[in-house]
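# Sharing a model that was predicted from the sequence below.
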Amino acid sequence: MELPVVVIGAGPQGLAAAAHLLERGIEPLVFEAGQRAAASVSAWGHVRLFSPWPELIDPAGARLLGSTGWNAPKSGYPTGREWIDGYLAPLAIALGHRVRTGARVVGVTKKGRDVSVDAGRSEQPFIVHIQDADGGESLREARAVIDASGTWGTPAPAGASGLPALGEGAARNAGQLSHRIPDAAESGSWVGGHVVVIGNGHSAATAIVQLAEVVRATPTTRVSWVLRRGAVGNTFGGGSADELVERGALGTRAHQAVTEGLVTLLTGFRTVQISDAGGRPVVHSEDGRQLEPADHIVVLTGFRPDFSFLSEIRLHLDVRLQAPASVAAEVDPNVHSCGSIQATGAAELAHPDTGFFIVGAKSYGRAPTFLAMTGYEQVRSVVAALAGDTEAAARVDLALPDTGVCGGSGLFDAVQADAGSCCGVPQLARAGDSSGSDR
(Lines give C-alpha, C1' and ligand atoms only; values in the text may rest on other atoms or scores of the structure.)
Protein backbone atom coordinates (compact mmCIF):
# COMPACT_ATOMS: atom_id res chain seq x y z
CA MET A 1 0.00 0.00 0.00
CA GLU A 2 1.43 3.35 -1.03
CA LEU A 3 2.11 5.80 1.76
CA PRO A 4 0.04 9.01 1.94
CA VAL A 5 1.29 12.54 1.45
CA VAL A 6 1.08 14.32 4.78
CA VAL A 7 -0.13 17.91 4.71
CA ILE A 8 0.60 20.03 7.80
CA GLY A 9 -2.19 22.53 8.43
CA ALA A 10 -5.86 22.57 7.35
CA GLY A 11 -5.89 26.20 6.29
CA PRO A 12 -6.67 27.45 2.76
CA GLN A 13 -3.49 26.06 1.18
CA GLY A 14 -3.47 22.82 3.17
CA LEU A 15 -7.04 22.00 2.19
CA ALA A 16 -6.32 22.97 -1.42
CA ALA A 17 -3.26 20.69 -1.43
CA ALA A 18 -5.41 17.81 -0.21
CA ALA A 19 -7.98 18.45 -2.95
CA HIS A 20 -5.28 18.48 -5.63
CA LEU A 21 -3.73 15.28 -4.26
CA LEU A 22 -7.07 13.50 -4.21
CA GLU A 23 -7.77 14.63 -7.77
CA ARG A 24 -4.43 13.15 -8.81
CA GLY A 25 -5.22 9.82 -7.16
CA ILE A 26 -2.81 10.40 -4.27
CA GLU A 27 -4.10 9.87 -0.75
CA PRO A 28 -3.66 12.96 1.46
CA LEU A 29 -3.59 13.04 5.24
CA VAL A 30 -4.01 16.51 6.75
CA PHE A 31 -3.00 17.24 10.35
CA GLU A 32 -4.41 20.42 11.91
CA ALA A 33 -3.33 21.61 15.37
CA GLY A 34 -6.56 23.54 15.92
CA GLN A 35 -9.87 22.03 16.89
CA ARG A 36 -11.38 22.87 13.52
CA ALA A 37 -10.23 23.33 9.96
CA ALA A 38 -9.06 26.88 9.16
CA ALA A 39 -8.54 27.55 12.87
CA SER A 40 -6.13 30.41 12.17
CA VAL A 41 -8.58 32.09 9.80
CA SER A 42 -11.26 31.86 12.48
CA ALA A 43 -8.99 33.86 14.81
CA TRP A 44 -9.35 36.85 12.47
CA GLY A 45 -12.82 35.97 11.22
CA HIS A 46 -14.10 39.52 11.74
CA VAL A 47 -11.62 40.98 9.23
CA ARG A 48 -12.70 41.55 5.61
CA LEU A 49 -10.30 40.34 2.94
CA PHE A 50 -9.22 42.58 0.07
CA SER A 51 -9.18 39.64 -2.37
CA PRO A 52 -12.55 38.95 -4.05
CA TRP A 53 -14.30 35.59 -3.79
CA PRO A 54 -13.04 34.14 -7.12
CA GLU A 55 -9.43 34.57 -5.96
CA LEU A 56 -10.12 32.86 -2.63
CA ILE A 57 -11.34 29.56 -4.06
CA ASP A 58 -8.87 26.95 -5.30
CA PRO A 59 -9.92 25.31 -8.59
CA ALA A 60 -9.40 21.74 -7.36
CA GLY A 61 -11.30 22.56 -4.19
CA ALA A 62 -14.13 23.96 -6.27
CA ARG A 63 -14.22 20.83 -8.43
CA LEU A 64 -14.40 18.59 -5.37
CA LEU A 65 -17.15 20.70 -3.82
CA GLY A 66 -19.04 20.87 -7.10
CA SER A 67 -19.81 17.18 -6.76
CA THR A 68 -21.62 17.89 -3.48
CA GLY A 69 -24.01 20.47 -4.90
CA TRP A 70 -22.06 23.41 -3.48
CA ASN A 71 -22.41 26.72 -5.25
CA ALA A 72 -19.39 28.98 -5.40
CA PRO A 73 -19.84 32.58 -4.23
CA LYS A 74 -19.35 34.72 -7.33
CA SER A 75 -18.63 38.24 -6.09
CA GLY A 76 -17.86 40.38 -3.08
CA TYR A 77 -15.15 40.49 -0.46
CA PRO A 78 -15.81 38.06 2.41
CA THR A 79 -14.71 38.31 5.99
CA GLY A 80 -12.56 35.51 7.32
CA ARG A 81 -15.64 33.98 8.93
CA GLU A 82 -17.56 34.15 5.64
CA TRP A 83 -14.60 32.53 3.85
CA ILE A 84 -14.80 29.64 6.31
CA ASP A 85 -18.55 29.24 6.12
CA GLY A 86 -18.79 29.65 2.36
CA TYR A 87 -15.80 27.57 1.25
CA LEU A 88 -13.19 26.33 3.72
CA ALA A 89 -15.46 24.43 6.13
CA PRO A 90 -17.42 22.75 3.29
CA LEU A 91 -14.11 21.73 1.68
CA ALA A 92 -12.87 20.19 4.93
CA ILE A 93 -16.15 18.27 5.22
CA ALA A 94 -15.81 17.04 1.63
CA LEU A 95 -12.30 15.74 2.41
CA GLY A 96 -13.79 13.83 5.34
CA HIS A 97 -11.57 11.53 7.40
CA ARG A 98 -8.47 12.79 5.58
CA VAL A 99 -8.53 15.92 7.77
CA ARG A 100 -7.50 15.26 11.39
CA THR A 101 -8.06 18.18 13.77
CA GLY A 102 -6.56 18.56 17.23
CA ALA A 103 -3.41 16.92 15.86
CA ARG A 104 -0.26 19.02 16.12
CA VAL A 105 2.84 18.03 14.15
CA VAL A 106 5.77 18.34 16.55
CA GLY A 107 8.48 16.79 14.38
CA VAL A 108 9.34 15.61 10.87
CA THR A 109 12.32 13.46 9.99
CA LYS A 110 13.54 10.67 7.70
CA LYS A 111 13.00 7.13 8.96
CA GLY A 112 16.01 6.01 10.99
CA ARG A 113 18.06 9.06 9.94
CA ASP A 114 18.65 12.30 11.76
CA VAL A 115 19.57 15.38 9.79
CA SER A 116 23.29 14.54 9.76
CA VAL A 117 23.00 11.09 8.12
CA ASP A 118 23.54 10.74 4.36
CA ALA A 119 23.54 6.95 3.93
CA GLY A 120 20.28 5.73 2.40
CA ARG A 121 18.53 8.96 3.27
CA SER A 122 16.74 9.49 -0.03
CA GLU A 123 15.25 5.98 0.01
CA GLN A 124 13.64 6.35 3.42
CA PRO A 125 10.08 7.60 3.97
CA PHE A 126 9.34 10.64 6.07
CA ILE A 127 8.28 10.13 9.67
CA VAL A 128 5.76 12.63 11.06
CA HIS A 129 5.46 12.92 14.84
CA ILE A 130 1.96 13.97 15.93
CA GLN A 131 0.74 15.08 19.35
CA ASP A 132 -2.99 14.93 20.02
CA ALA A 133 -4.95 17.44 22.08
CA ASP A 134 -5.09 14.96 24.98
CA GLY A 135 -1.31 14.56 24.96
CA GLY A 136 -1.22 11.28 23.08
CA GLU A 137 1.55 10.78 20.53
CA SER A 138 1.87 8.84 17.31
CA LEU A 139 4.15 8.45 14.29
CA ARG A 140 3.02 8.31 10.66
CA GLU A 141 5.07 7.41 7.62
CA ALA A 142 4.66 9.53 4.50
CA ARG A 143 5.96 9.46 0.94
CA ALA A 144 6.12 13.27 0.96
CA VAL A 145 5.31 16.16 3.28
CA ILE A 146 3.72 19.52 2.41
CA ASP A 147 4.12 22.06 5.20
CA ALA A 148 1.19 24.49 4.95
CA SER A 149 1.24 25.41 8.64
CA GLY A 150 1.37 29.16 8.00
CA THR A 151 2.78 31.80 10.33
CA TRP A 152 -0.23 32.91 12.40
CA GLY A 153 1.07 31.32 15.59
CA THR A 154 4.36 33.24 15.57
CA PRO A 155 3.71 37.00 15.36
CA ALA A 156 6.69 39.34 15.21
CA PRO A 157 7.31 41.41 18.35
CA ALA A 158 6.98 45.15 18.93
CA GLY A 159 10.72 45.42 19.53
CA ALA A 160 12.32 47.10 16.51
CA SER A 161 15.47 44.96 16.57
CA GLY A 162 13.60 41.71 16.07
CA LEU A 163 13.52 40.76 19.75
CA PRO A 164 10.66 41.56 22.12
CA ALA A 165 10.96 45.01 23.66
CA LEU A 166 11.80 45.18 27.34
CA GLY A 167 8.55 44.66 29.21
CA GLU A 168 6.66 43.45 26.13
CA GLY A 169 5.97 40.02 27.58
CA ALA A 170 4.68 41.51 30.82
CA ALA A 171 2.37 43.87 28.91
CA ARG A 172 0.99 40.98 26.88
CA ASN A 173 0.46 38.83 29.98
CA ALA A 174 -1.38 41.74 31.62
CA GLY A 175 -3.75 41.99 28.66
CA GLN A 176 -2.35 45.39 27.67
CA LEU A 177 -0.92 44.23 24.34
CA SER A 178 -2.23 42.02 21.54
CA HIS A 179 -1.15 40.82 18.09
CA ARG A 180 -4.47 40.79 16.23
CA ILE A 181 -6.68 43.31 14.47
CA PRO A 182 -9.25 44.34 17.10
CA ASP A 183 -12.88 43.47 16.56
CA ALA A 184 -15.75 45.91 17.13
CA ALA A 185 -16.16 44.93 20.78
CA GLU A 186 -12.49 45.52 21.53
CA SER A 187 -12.42 48.84 19.69
CA GLY A 188 -15.54 49.90 21.57
CA SER A 189 -13.90 49.17 24.92
CA TRP A 190 -11.21 51.77 24.16
CA VAL A 191 -13.61 54.65 23.41
CA GLY A 192 -12.26 57.84 24.97
CA GLY A 193 -8.90 56.24 25.63
CA HIS A 194 -5.52 56.01 23.90
CA VAL A 195 -4.64 53.15 21.54
CA VAL A 196 -1.18 52.57 20.05
CA VAL A 197 -0.84 50.64 16.78
CA ILE A 198 2.67 49.42 15.93
CA GLY A 199 3.22 48.20 12.37
CA ASN A 200 3.15 49.16 8.71
CA GLY A 201 1.42 46.50 6.63
CA HIS A 202 -2.14 45.80 5.57
CA SER A 203 -3.12 44.51 9.01
CA ALA A 204 -1.97 47.74 10.63
CA ALA A 205 -3.78 49.80 7.99
CA THR A 206 -6.96 47.80 8.63
CA ALA A 207 -6.72 48.48 12.36
CA ILE A 208 -6.07 52.18 11.72
CA VAL A 209 -9.11 52.53 9.45
CA GLN A 210 -11.30 50.79 12.02
CA LEU A 211 -10.01 52.86 14.94
CA ALA A 212 -10.37 56.08 12.94
CA GLU A 213 -14.11 55.41 12.85
CA VAL A 214 -14.10 55.20 16.64
CA VAL A 215 -12.37 58.60 16.78
CA ARG A 216 -14.93 60.08 14.37
CA ALA A 217 -17.71 58.92 16.66
CA THR A 218 -15.90 59.86 19.89
CA PRO A 219 -13.24 62.55 19.27
CA THR A 220 -11.75 62.16 22.75
CA THR A 221 -10.38 58.77 21.60
CA ARG A 222 -6.73 59.02 20.59
CA VAL A 223 -4.85 56.73 18.21
CA SER A 224 -1.06 56.73 17.76
CA TRP A 225 0.35 54.89 14.73
CA VAL A 226 4.00 53.90 15.18
CA LEU A 227 6.25 53.20 12.17
CA ARG A 228 9.89 52.19 12.35
CA ARG A 229 11.27 53.61 9.14
CA GLY A 230 12.41 57.18 8.71
CA ALA A 231 10.33 57.92 5.56
CA VAL A 232 6.64 57.29 4.91
CA GLY A 233 7.50 55.57 1.63
CA ASN A 234 5.00 52.90 0.55
CA THR A 235 3.02 52.79 3.80
CA PHE A 236 -0.19 53.77 2.03
CA GLY A 237 0.26 51.39 -0.91
CA GLY A 238 -0.55 52.02 -4.55
CA GLY A 239 -4.01 53.54 -4.27
CA SER A 240 -5.94 53.48 -7.52
CA ALA A 241 -2.94 51.93 -9.32
CA ASP A 242 -3.23 48.74 -7.26
CA GLU A 243 -4.78 45.99 -9.37
CA LEU A 244 -6.45 44.63 -6.23
CA VAL A 245 -8.97 47.44 -5.85
CA GLU A 246 -9.78 46.89 -2.18
CA ARG A 247 -6.11 46.61 -1.25
CA GLY A 248 -5.46 49.99 -2.84
CA ALA A 249 -8.55 51.48 -1.20
CA LEU A 250 -7.39 50.28 2.22
CA GLY A 251 -4.19 52.30 1.96
CA THR A 252 -6.09 55.33 0.73
CA ARG A 253 -8.46 55.19 3.71
CA ALA A 254 -5.54 54.86 6.14
CA HIS A 255 -3.88 57.87 4.49
CA GLN A 256 -7.11 59.83 4.87
CA ALA A 257 -7.31 58.96 8.57
CA VAL A 258 -3.88 60.51 9.07
CA THR A 259 -4.43 63.60 6.93
CA GLU A 260 -7.76 64.29 8.70
CA GLY A 261 -5.96 64.24 12.04
CA LEU A 262 -7.89 61.23 13.33
CA VAL A 263 -4.62 59.37 13.84
CA THR A 264 -1.22 60.64 14.93
CA LEU A 265 1.54 59.10 12.80
CA LEU A 266 4.95 58.74 14.47
CA THR A 267 7.83 57.67 12.26
CA GLY A 268 11.41 56.63 12.83
CA PHE A 269 10.06 55.33 16.17
CA ARG A 270 11.79 52.06 17.04
CA THR A 271 10.31 50.49 20.12
CA VAL A 272 12.85 49.40 22.72
CA GLN A 273 10.77 49.21 25.91
CA ILE A 274 7.21 49.05 27.19
CA SER A 275 7.00 50.23 30.77
CA ASP A 276 4.07 50.35 33.18
CA ALA A 277 2.55 53.59 34.47
CA GLY A 278 -0.10 52.82 37.03
CA GLY A 279 -1.42 49.84 35.09
CA ARG A 280 -1.16 51.52 31.67
CA PRO A 281 1.61 50.67 29.18
CA VAL A 282 4.04 53.31 27.92
CA VAL A 283 5.92 52.74 24.64
CA HIS A 284 9.53 53.98 24.51
CA SER A 285 11.66 54.52 21.41
CA GLU A 286 15.39 53.78 21.25
CA ASP A 287 16.01 57.51 20.57
CA GLY A 288 14.52 58.47 23.95
CA ARG A 289 11.00 59.41 22.90
CA GLN A 290 8.02 57.95 24.71
CA LEU A 291 4.29 57.98 24.10
CA GLU A 292 1.68 58.95 26.64
CA PRO A 293 0.28 56.02 28.63
CA ALA A 294 -2.01 53.81 26.52
CA ASP A 295 -5.14 51.82 27.20
CA HIS A 296 -3.98 49.17 24.76
CA ILE A 297 -1.16 48.42 22.33
CA VAL A 298 -1.93 46.62 19.06
CA VAL A 299 1.24 45.08 17.59
CA LEU A 300 0.87 44.24 13.89
CA THR A 301 4.47 43.93 12.76
CA GLY A 302 4.05 40.79 10.69
CA PHE A 303 4.63 37.10 11.31
CA ARG A 304 7.49 34.63 11.26
CA PRO A 305 7.77 31.01 10.17
CA ASP A 306 8.19 28.34 12.85
CA PHE A 307 10.88 25.79 12.03
CA SER A 308 11.14 24.30 15.52
CA PHE A 309 9.56 21.01 14.42
CA LEU A 310 11.72 20.77 11.27
CA SER A 311 15.12 20.51 12.93
CA GLU A 312 15.71 17.05 11.40
CA ILE A 313 14.77 18.08 7.85
CA ARG A 314 17.33 19.48 5.44
CA LEU A 315 16.09 22.89 4.40
CA HIS A 316 17.48 25.48 1.99
CA LEU A 317 16.46 28.83 3.45
CA ASP A 318 17.33 32.44 2.78
CA VAL A 319 19.25 33.96 5.70
CA ARG A 320 17.22 37.19 5.71
CA LEU A 321 13.63 36.14 5.11
CA GLN A 322 13.71 32.52 6.36
CA ALA A 323 11.91 31.56 3.17
CA PRO A 324 13.01 28.90 0.66
CA ALA A 325 16.00 30.47 -1.01
CA SER A 326 14.53 30.52 -4.53
CA VAL A 327 11.27 32.03 -3.28
CA ALA A 328 13.11 34.71 -1.29
CA ALA A 329 14.73 35.92 -4.50
CA GLU A 330 11.24 36.74 -5.79
CA VAL A 331 9.58 38.17 -2.67
CA ASP A 332 12.32 40.06 -0.81
CA PRO A 333 10.59 43.30 0.32
CA ASN A 334 13.94 45.09 0.35
CA VAL A 335 13.92 45.12 -3.44
CA HIS A 336 10.59 43.93 -4.83
CA SER A 337 7.36 45.77 -5.51
CA CYS A 338 5.35 47.17 -8.41
CA GLY A 339 4.28 43.79 -9.77
CA SER A 340 7.83 42.41 -9.93
CA ILE A 341 6.93 39.42 -7.75
CA GLN A 342 6.36 36.28 -9.78
CA ALA A 343 4.38 33.14 -8.97
CA THR A 344 6.41 30.29 -7.47
CA GLY A 345 6.02 26.55 -7.89
CA ALA A 346 7.55 23.18 -7.08
CA ALA A 347 11.01 24.06 -8.40
CA GLU A 348 11.32 27.07 -6.08
CA LEU A 349 9.67 25.33 -3.11
CA ALA A 350 11.80 22.18 -3.10
CA HIS A 351 14.38 21.43 -0.40
CA PRO A 352 17.40 19.11 -0.16
CA ASP A 353 15.20 16.38 1.35
CA THR A 354 13.32 15.41 -1.81
CA GLY A 355 9.57 15.33 -1.32
CA PHE A 356 9.44 18.01 1.36
CA PHE A 357 7.81 21.33 0.43
CA ILE A 358 6.85 24.50 2.32
CA VAL A 359 3.84 26.26 0.79
CA GLY A 360 1.49 29.09 1.68
CA ALA A 361 2.34 32.09 3.85
CA LYS A 362 5.21 30.17 5.48
CA SER A 363 6.92 29.89 2.09
CA TYR A 364 7.30 33.69 2.09
CA GLY A 365 9.10 33.63 5.44
CA ARG A 366 9.05 37.14 6.86
CA ALA A 367 7.91 38.77 3.61
CA PRO A 368 4.42 40.33 3.87
CA THR A 369 3.19 40.08 0.29
CA PHE A 370 1.48 36.66 0.23
CA LEU A 371 -1.95 36.20 -1.38
CA ALA A 372 -4.29 33.19 -1.22
CA MET A 373 -4.11 32.68 -4.97
CA THR A 374 -0.31 32.56 -4.71
CA GLY A 375 -0.63 29.56 -2.42
CA TYR A 376 -3.18 27.86 -4.67
CA GLU A 377 -0.76 28.09 -7.59
CA GLN A 378 2.01 26.71 -5.36
CA VAL A 379 0.07 23.62 -4.32
CA ARG A 380 -1.10 22.97 -7.88
CA SER A 381 2.52 22.89 -9.02
CA VAL A 382 3.79 20.88 -6.03
CA VAL A 383 1.12 18.21 -6.36
CA ALA A 384 1.79 17.95 -10.09
CA ALA A 385 5.46 17.34 -9.29
CA LEU A 386 4.56 14.65 -6.74
CA ALA A 387 2.35 13.01 -9.37
CA GLY A 388 5.22 12.98 -11.86
CA ASP A 389 3.61 15.52 -14.17
CA THR A 390 6.72 17.61 -14.81
CA GLU A 391 5.08 19.70 -17.52
CA ALA A 392 2.27 20.85 -15.24
CA ALA A 393 4.67 21.38 -12.35
CA ALA A 394 6.84 23.71 -14.46
CA ARG A 395 3.93 25.60 -15.98
CA VAL A 396 2.91 28.95 -14.45
CA ASP A 397 -0.87 29.40 -14.37
CA LEU A 398 -0.94 32.67 -12.45
CA ALA A 399 0.02 36.30 -12.99
CA LEU A 400 0.04 38.21 -9.72
CA PRO A 401 -1.71 41.61 -9.54
CA ASP A 402 0.42 44.74 -9.56
CA THR A 403 0.53 46.51 -6.19
CA GLY A 404 1.04 49.90 -7.81
CA VAL A 405 3.98 50.51 -5.45
CA CYS A 406 7.49 50.87 -6.84
CA GLY A 407 11.02 50.88 -5.57
CA GLY A 408 11.22 48.33 -2.78
CA SER A 409 11.02 49.35 0.85
CA GLY A 410 13.05 52.53 0.68
CA LEU A 411 15.87 53.74 2.91
CA PHE A 412 15.41 52.56 6.47
CA ASP A 413 16.96 55.67 8.03
CA ALA A 414 15.66 58.28 5.56
CA VAL A 415 14.02 61.27 7.22
CA GLN A 416 12.49 62.79 4.09
CA ALA A 417 9.50 61.41 2.21
CA ASP A 418 10.66 59.05 -0.52
CA ALA A 419 8.90 58.40 -3.79
CA GLY A 420 7.30 55.21 -2.47
CA SER A 421 4.92 54.93 -5.39
CA CYS A 422 5.38 55.59 -9.06
CA CYS A 423 1.68 55.24 -9.65
CA GLY A 424 0.07 58.37 -8.39
CA VAL A 425 -0.97 57.69 -4.79
CA PRO A 426 -0.50 60.84 -2.69
CA GLN A 427 2.38 60.60 -0.24
CA LEU A 428 2.36 62.13 3.22
CA ALA A 429 5.49 64.26 3.39
CA ARG A 430 5.76 64.38 7.15
CA ALA A 431 3.47 63.59 10.04
CA GLY A 432 4.00 63.07 13.71
CA ASP A 433 7.63 63.31 14.76
CA SER A 434 9.87 62.47 11.74
CA SER A 435 8.65 60.37 8.83
CA GLY A 436 8.93 56.76 7.69
CA SER A 437 7.81 53.38 6.53
CA ASP A 438 8.08 50.33 8.72
CA ARG A 439 8.69 47.05 7.01
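Okay, I see it. Every value quoted in this text rests on a predicted model; they were computed, and no experiment measured them.
# per-residue pLDDT, residue 242?
Residue 242 is assigned a pLDDT of 64 by the prediction.
# scratch that, residue 150
The model reports residue 150 with a pLDDT of 96.
# Same check on residue 96?
97.
# What is the neighbour count of it?
Applying other Cβ atoms under 10 Å, we find 7 residues neighbouring residue 96. Placement of C-beta: from N, CA and C, glycine included.
# Over to the one 5 residues further on?
Residues contacting residue 101 under the criterion other Cβ under 10 Å number 16.
# With residue 164 instead?
18.
# how close does the residue lying closest to it once chain neighbours are set aside get to residue 15?
Distances taken as Cβ to Cβ, 6 or more residues apart in numbering put residue 157 closest to residue 164, at 4.1 Å, once the chain neighbours are dropped. The gap separating residue 157 from residue 15 is 30 Å, by Cβ to Cβ, to the nearest Å.
# which of those two has more neighbours?
Looking at residue 157 and residue 15 with other Cβ under 10 Å, you find the greater number of neighbours at residue 15, namely 33 against 21.
# Outline the domain layout of the protein.
Domain assignment for the chain, taken from automatic domain parsing, gives 5-149+342-394, 168-299.
# residue contacts, residue 86?
If you count contacts by Cβ atoms under 8 Å, 6 or more residues apart in numbering, residue 86 has them with 53, 73, 78.
# 10 Å instead, please
Contact analysis of residue 86 by Cβ atoms under 10 Å, 6 or more residues apart in numbering lists 53, 56-57, 70-73, 76, 78.
# Which pLDDT value belongs to the residue lying closest to residue 201 once chain neighbours are set aside?
Among residues not flanking residue 201 along the chain, residue 368 sits closest, at 4.8 Å (Cβ to Cβ, 6+ apart). Note on residue 368: pLDDT of 82.
# For residue 368, the count of nearby residues, please.
Residue 368: 18 neighbours (other Cβ under 10 Å).
# Same question for residue 54.
Neighbour tally, residue 54, other Cβ under 10 Å: 13.
# helix/strand/coil for it?
When classified by DSSP: H, G, I helix; E, B strand; the rest coil, residue 54 comes out as helix.
# Could you pull up the residues touching the residue lying closest to it once chain neighbours are set aside?
Spatially, and ignoring its direct neighbours in sequence, residue 54 is nearest to residue 74 (7.3 Å; Cβ to Cβ, 6+ apart). Contact analysis of residue 74 by Cβ under 10 Å, 6+ apart lists 52-54.
# and if you look at residue 9?
Counting by Cβ under 10 Å, 6+ apart, residue 9 touches 15, 17, 30-34, 37-40, 105, 146-150, 152, 359-362.
# Report the central residue of the protein.
Central residue of the chain (Cα atoms, centre = their mean): residue 361, 5.2 Å from the mean position.
# residue contacts, residue 318?
Taking Cβ under 10 Å, 6+ apart as the test, what residue 318 contacts is 324-329, 331-332, 365-367.
# whoops, I mixed them up, residue 291
Counting by Cβ under 10 Å, 6+ apart, the residues that residue 291 touches are 194, 196, 222, 224, 226, 264, 266, 269, 271, 274, 281-285, 297.
# can you give me the strands in the stretch 301-439 of the chain?
356-358 (DSSP state E, counting those that start in this stretch).
# Mind listing what's buried along the helix or strand harbouring residue 40?
According to DSSP states H and E, residue 40 maps onto helix 39-43. For helix 39-43, a neighbour-count test (16 or more other Cβ atoms under 10 Å) marks 39-42 as buried.
# Turn those residues into TSV, including pLDDT and distance to residue 200.
Output for these, formatted as TSV (pLDDT from 0 to 100; distance: Cβ to Cβ, whole Å):
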residue	pLDDT	distance to residue 200
39	97	27
40	97	21
41	97	23
42	97	25
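# Among those, which one sits closest to residue 168?
residue 40 (22.1 Å; Cβ to Cβ).
# ok so, going back, for the residue nearest to the centre of the chain, which residues are in contact?
Counting by Cβ under 10 Å, 6+ apart, residue 361 touches 9, 11-13, 40, 148-152, 303, 305, 367-368, 370-372, 374-375.
# same question, residue 316
Residue 316 is in contact with 324-326, 350-353, counting by Cβ under 10 Å, 6+ apart.
# how much space between it and residue 378?
Counting by Cβ to Cβ, the gap between residue 316 and residue 378 amounts to 16 Å.
# And residue 299, by the same measure?
28 Å.
# Residue 390 now?
Counting by Cβ to Cβ, the gap from residue 390 to residue 378 is 16 Å.
# When these two are compared, which one has more neighbours?
Counted by other Cβ under 10 Å, residue 390 and residue 378 do not tie: residue 378 has more neighbours, with 29 against 12.
# so the more buried one touches residue 359, yeah?
Yes. Counting by Cβ atoms under 10 Å, residue 378 does reach residue 359; the two are 4.5 Å apart.
# which residues do these two both contact?
By the contact definition Cβ under 10 Å, 6+ apart, residue 378 and residue 359 are jointly contacted by 13, 16-17, 146, 148, 327, 344-346, 349.
# Export those residues as a markdown table, with columns for distance to residue 188 and neighbour count.
Output for the shared contacts of residue 378 and residue 359, formatted as a markdown table (distance: Cβ to Cβ, whole Å; neighbours: other Cβ atoms under 10 Å):
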| residue | distance to residue 188 | neighbour count |
| --- | --- | --- |
| 13 | 34 | 29 |
| 16 | 36 | 31 |
| 17 | 39 | 35 |
| 146 | 41 | 31 |
| 148 | 35 | 29 |
| 327 | 40 | 25 |
| 344 | 41 | 27 |
| 345 | 45 | 27 |
| 346 | 47 | 21 |
| 349 | 43 | 23 |
